[in-house]
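> build me a model from this:
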Amino acid sequence: MPIKNRFADLLPEITEWRRDLHEHPEILFETHRTSAIVAEKLAEFGCDEVATGIGRTGVVGIIKGKTDTSGRTVGLRADMDALPILEATGVPYASKTPGAMHACGHDGHTAMLLGAAKYLAETRNFDGRVAVIFQPAEEGGGGGREMVDDGMMDRFSIDEVYGMHNQPNLPLGQFRIRPGAFYAATDLIEITVTGQGGHAAKPHEVIDTTLVASHIIIALQSIVSRNTHPVDQCVVSITSFQTDGTAINVIPQVVELKGTVRTMKPETRDMAEARLSLIAQNTAAAFGASAEVTYRRNYPAMVNAERETEYAANAARTVAGECDTEAEMTMGGEDFAFMLLARPGAYIEVGNGPGAAVHHPKYNFNDEAIPHGCSYWATLVEQRLPVA
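Have a look, this model is predicted:
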């Protein structure tokens with residue numbers, strides 16, 4: 001069965017919504033305009049309840065089916081926030097906010113879920129309730145955690161929850177998913193190396209923090225190569241190296257390192273945190289310096305439930321004819337993980353066709369993907385909550 005005809009008819013309207021959101025990107029929890037538009041449209045569609053301010057600026061709409069003998073509520077989640085990136089697409093509807101753009105397609109995700117909500121409110125061809133969840137601050141702010149901590153799952157009696165993300169260079173309208181760990185836990189690290197600064201011509205009189213920090217960076221890679229089980233996943237990346245000075249003839253007193261650790265398994269995460277502190281502190285000590293380590297656990301690994309993954313794959317097969325259920329793991333992070341810790345569910349990717357990768361200044365969501373994504377949402381609801 002191909003995409004639903006209703007979404008082909010609605011494509012110009014949904015595209016207009018998407019491009020308006022693209023023109024007005026909002027960062028993290030500052031999705032005030034976006035949230036207001038979402039709430040207004042959900043009310044206009046005839047949702048039975050529209051709640052705002054969930055997890056600060058999140059929005060939840062409740063749509064009741066023709067019947068409710070199942071007593072179940074299925075949650076569908078889209079993210080709304082943009083990125084602090086200067087847009088370089090050159091499209092007529094490019095960002096009007098300098099230094100901010102929808103470089104990850106959250107404008108498309110929001111538009112697709114709005115389109116699905118409009119259809120579901122029109123047809124109500126399901127038995128139970130649907131919670132359409134519009135989340136702020138996926139890009140580093142933990143908006144998913146905020147909505148869960150705000151009591152969303154219990155307040156709206158959500159039994160299972162599903163997410164979807166566009167995937168550039170996956171053929172348009174194709175779907176892929178995997179059961180179990182899919183996206184990595186993403187932890188943040190800061191290491192402050194303190195030595196004894198001095199003249200660059202007299203290295204014997206100083207404790208060279210640049211040298212010490214360099215040894216720490218190299219030694220940290222042993223976490224991956226020598227401490228992680230060879231079949232497990234772990235990435236340690238130092239992405240920032242800053243000193244407290246700029247003079248070319250001065251060895252700095254302090255060096256600050258920043259980076260990220262990515263893992264899939266809780267035990268690997270625990271090991272990486274412990275080893276990172278030991279390696280940094282002891283390597284610094286070997287040179288007579290000191291290292292202060294801050295390790296901040298950010299998003300947990302996003303783990304798809306087995307049963308709900310199959311439900312999602314079945315809906316995708318209905319729409320696209322097939323679904324790849326052996327998608328590769330990615331070491332990228334996704335804060336939908338917090339919702340999957342609270343309720344069983346699954347996260348799927350839909351093809352955006354050829355184009356720039358997400359988080360690139362030239363990325364642009366492909367509006368032709370809209371009917372595919374909307375059809376997936378609607379089909380998933382109708383299959384999970386069938387009318388007797």
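
> hey, where'd the helices end up in the stretch 151-300 of the chain?
Per DSSP state H, counting those that start in this stretch, the stretch 151-300 of the chain carries helices over the ranges 152-155, 209-220, 222, 266-286.

> which of these sits most buried?
Most buried of those by mean neighbour count (mean count of other CB atoms under 10 Å) is helix 209-220; its value is a mean of 20. (Glycine included, C-beta is placed from N, CA and C.)

> so what's the spatially most central residue of the chain scoring on pLDDT?
In the chain, the centroid-proximal residue (CA atoms, centre = their mean) is residue 334; its distance is 3.0 Å. For residue 334, the pLDDT comes out at 97.

> give me the beta-bridge partners of the nearest residue to it once chain neighbours are set aside?
Once flanking residues are discounted, residue 334 sits nearest to residue 183: 4.2 Å by CB to CB, 6 or more residues apart in numbering. Beta-bridge partners of residue 183, counted by DSSP bridges, are residue 302, residue 330.

> coming back round to it: ok, the residue nearest to the centre of the chain touching residue 299?
Yes: the criterion here is CB atoms under 8 Å, and residue 334 meets it with residue 299 at 6.8 Å.

> what's the closest of the helices of the stretch 151-300 of the chain to residue 169?
helix 266-286 (28.7 Å; CB to CB).

> from the contact counts, what lies against the closest one?
Packing partners of helix 266-286 (3 or more CB pairs under 8 Å, 6 or more residues apart in numbering; DSSP states H and E): strand 185-194, helix 209-220, strand 234-243, strand 254-263, strand 290-299.

> quick one: which of those is nearest residue 48?
Residue 48 sits nearest to strand 290-299 of all the helices and strands packed on helix 266-286, at 31.9 Å, using CB to CB.

> just say helix, strand or coil for residue 369.
helix (DSSP: H, G, I helix; E, B strand; the rest coil).

> would you turn the helices of the stretch 151-300 of the chain into CSV with distance to residue 172 and mean pLDDT?
Output for the helices of the stretch 151-300 of the chain, formatted as CSV (distance: least, CB to CB, whole Å; pLDDT from 0 to 100):
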stretch, distance to residue 172, mean pLDDT
helix 152-155, 32, 98
helix 209-220, 40, 98
helix 222, 43, 98
helix 266-286, 35, 98
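
> want to throw those helices into CSV with distance to residue 366?
Listed next are the helices of the stretch 151-300 of the chain as CSV, based on distance: least, CB to CB, whole Å:
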stretch, distance to residue 366
helix 152-155, 30
helix 209-220, 39
helix 222, 42
helix 266-286, 35
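
> great, nothing more from me.
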